[in-house]
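J.: below is the sequence, then the predicted model.
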There are 2 protein chains.
Amino acid sequence: MGNGRVSAARQRGTSNHRLTAKGRATRARIVTAASRLMLDRGVGRTTIADVQAEAGVSTSQLYHYFADKDALVYAVIEHQADEVLGFQGKSLAGLDSFAALEAWRDDLVELQRQRDNVGGCPIGTLASELSETDEHARGELAESFVRWEKLLHRGITAMRDRGELRADADPDRLALALLAAVQGGLLLSQTRRDSTPLAVAIDQAIAYLRTLRP
Amino acid sequence: MGNGRVSAARQRGTSNHRLTAKGRATRARIVTAASRLMLDRGVGRTTIADVQAEAGVSTSQLYHYFADKDALVYAVIEHQADEVLGFQGKSLAGLDSFAALEAWRDDLVELQRQRDNVGGCPIGTLASELSETDEHARGELAESFVRWEKLLHRGITAMRDRGELRADADPDRLALALLAAVQGGLLLSQTRRDSTPLAVAIDQAIAYLRTLRP
DNA sequence: TGAAAAATGGAGTGTCAACTCCAAAATTTG
DNA sequence: CAAATTTTGGAGTTGACACTCCATTTTTCA
């Protein structure tokens, strides 16, 4: 791993090769395997050999598609961001009422409960582990957070436009606080193995929103 | 490192030896050095050799005071918890008004700004990295969060008792949400290298509290 | 003061993990 | 179909890192 090195070769691996259907499938298998492993033991504790075993590929396959472990990590970040934002996108799609907001909260809490509070937010976990040691990773993760925030921002704005919130409610600050509540709640829930913190954190954020009704 | 092993020998190292003043000093030097390093590159990326260099001690010294890297990590957790809770204890000591609450928020934001938003919460960072791979560490960190939460709880209760909050304000939920806001805000600030998320997250939590005045 | 205990020095060891390399098989494409 | 390209196999290398071991110095305390 790079340990904060300049990280050339970031683009090598797959981007300048033409991938066949088979190749794309193999690559995808590697990325999902790595994502799974890195989510629940962290990047540092996931070895290339682990990923090989989980994905059922050989050493040369892995290094054929990824220049080095860093490149694989970047692919994992992209994959997890798509995953999380996909889920959030669906859950927040028609966000325009307090009922919808509560449904979103329930989705999140239920997901975490199903996992028995093992593991936190895929993006948050990667951000915490990589922010200080891999500048490129930090940038990508920061951008993922921004995209997530925008989904919330859009929903809050929609609610305001529908007259569910006062005109002077500030969607920027509200969306940011909501995202922070999710991240903090997930971290506490993961550490305590109890979904209550997540539920309460989001709930209080929503309760504040409720005080901003016209 | 243990990688989730059963971790016997947790207590060996120092606890069954009598430490002289010199010994205590050396041990302390090791712990603070390790804490510093582990805070800003993570546990996994901090090697024993790094700690030796930073503390100015030899291999045998390190292993004289700590059975293995796990034992050192546990000492670091304890040290960081004392550090953070000490700071929080001071900052929250006479918490009994909204002005005091805002001063606390400013303390946190200012601290983060001084660090240029490099690094997050010492406890939160360790929790994120270790929760899934070291059950003992997870337990200690969960307990540290509880202690932190209690400081907030005490403050909120004091405010309620002084008549700054309505009688039906729920200190349990409010303290939990406040802590989540801090953790989430710190993670976002660290990832974005911008103290705004932390400031906004805590601020909105306080704004909600303000709606609970009599 | 002198034996016991604690603290320190530092070379050495074994394992693990990232990455290289040389082929060979499968697939595409002209 | 044949040449070019992509995909796969897997043994081997190199370095890093946690931890051991034995000897020496320093400190304690009866």
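T.: Everything's here; your move.

J.: low-scoring pLDDT stretches of chain A, where are they?
T.: Within chain A, the ranges that satisfy pLDDT under 70 run A:1-17.

J.: pick out the residue of it closest to DNA strand D.
T.: With CB to the nearest atom of the strand, the shortest gap between chain A and DNA strand D falls at residue A:23, namely 2.0 Å. Using the backbone N, CA and C atoms, a C-beta is placed for each residue, glycine as well.

J.: for chain A, what's the longest helix?
T.: Ranked by residue count and defined by DSSP state H, the top helix of chain A is helix A:135-161.

J.: in that one, what counts as buried?
T.: A:136-138, A:140-142, A:144-145, A:148-149, A:151-160 (16 or more other CB atoms under 10 Å in any protein chain shown).

J.: need the residues of chain A near DNA strand D, please.
T.: Applying CB under 7 Å from any atom of the strand, we find that chain A lies next to DNA strand D at A:17-20, A:22-24, A:26, A:57-61, A:63-64.

J.: run a quick neighbour tally on residue A:52.
T.: 17 (other CB atoms under 10 Å in any protein chain shown).

J.: got the CA positions of the helix or strand hosting residue A:201 in PDB?
T.: Assessed by DSSP states H and E, residue A:201 sits inside helix A:196-210. Taking C-alpha atoms only, helix A:196-210 is exported to PDB below (Å, rounded to 0.1, in the frame of the first residue of the first chain):
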ATOM      1  CA  THR A 196     -30.600   2.900  19.500                       C
ATOM      2  CA  PRO A 197     -28.000   5.700  19.000                       C
ATOM      3  CA  LEU A 198     -28.600   5.700  15.200                       C
ATOM      4  CA  ALA A 199     -32.400   5.900  15.700                       C
ATOM      5  CA  VAL A 200     -32.200   8.600  18.300                       C
ATOM      6  CA  ALA A 201     -29.600  10.700  16.500                       C
ATOM      7  CA  ILE A 202     -31.700  10.900  13.300                       C
ATOM      8  CA  ASP A 203     -34.900  11.200  15.300                       C
ATOM      9  CA  GLN A 204     -33.700  14.300  17.100                       C
ATOM     10  CA  ALA A 205     -32.600  15.800  13.900                       C
ATOM     11  CA  ILE A 206     -36.000  15.300  12.400                       C
ATOM     12  CA  ALA A 207     -37.600  16.600  15.600                       C
ATOM     13  CA  TYR A 208     -35.700  19.800  15.100                       C
ATOM     14  CA  LEU A 209     -36.900  20.000  11.500                       C
ATOM     15  CA  ARG A 210     -40.400  19.600  12.800                       C
END
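
J.: hmm, that helix touching chain B?
T.: Yes: using CB under 8 Å from any CB of the partner chain, helix A:196-210 comes into contact with chain B via A:196, A:197, A:198, A:200, A:201, A:203, A:204, A:205, A:207, A:208.

J.: thinking again about what came up before, tell me which element the residue of chain A closest to DNA strand D falls in.
T.: Element membership for residue A:23, per DSSP H and E: helix A:21-41.

J.: what residues sit buried inside that helix?
T.: A:26-27, A:29-31, A:33-35, A:37-41.

J.: restricting to C-alpha, output it in PDB.
T.: What follows is helix A:21-41, C-alpha atoms only, in PDB (Å, rounded to 0.1, in the frame of the first residue of the first chain):
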ATOM      1  CA  ALA A  21     -17.400  -9.400 -21.000                       C
ATOM      2  CA  LYS A  22     -15.500 -12.100 -19.100                       C
ATOM      3  CA  GLY A  23     -13.000  -9.600 -18.000                       C
ATOM      4  CA  ARG A  24     -15.600  -7.200 -16.700                       C
ATOM      5  CA  ALA A  25     -17.200 -10.000 -14.800                       C
ATOM      6  CA  THR A  26     -13.900 -11.000 -13.200                       C
ATOM      7  CA  ARG A  27     -13.100  -7.500 -12.300                       C
ATOM      8  CA  ALA A  28     -16.500  -7.000 -10.800                       C
ATOM      9  CA  ARG A  29     -16.200 -10.200  -8.700                       C
ATOM     10  CA  ILE A  30     -12.900  -8.900  -7.300                       C
ATOM     11  CA  VAL A  31     -14.300  -5.500  -6.400                       C
ATOM     12  CA  THR A  32     -17.400  -6.900  -4.700                       C
ATOM     13  CA  ALA A  33     -15.300  -9.400  -2.800                       C
ATOM     14  CA  ALA A  34     -12.800  -6.700  -1.700                       C
ATOM     15  CA  SER A  35     -15.700  -4.400  -0.700                       C
ATOM     16  CA  ARG A  36     -17.200  -7.000   1.500                       C
ATOM     17  CA  LEU A  37     -14.000  -7.800   3.200                       C
ATOM     18  CA  MET A  38     -12.800  -4.200   3.600                       C
ATOM     19  CA  LEU A  39     -16.100  -3.200   5.000                       C
ATOM     20  CA  ASP A  40     -16.000  -5.600   7.900                       C
ATOM     21  CA  ARG A  41     -12.300  -5.800   8.800                       C
END
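
J.: what does it contact?
T.: With contact meaning CB atoms under 8 Å, 6 or more residues apart in numbering or on different chains, helix A:21-41 is reached by A:14, A:17, A:19, A:46, A:50-51, A:54-57, A:61-62, A:65-66, A:72-73, A:75-76, A:79-80, A:83, A:118-119, A:122, A:125-126, B:132-133.

J.: that concludes my questions; thank you for your assistance.
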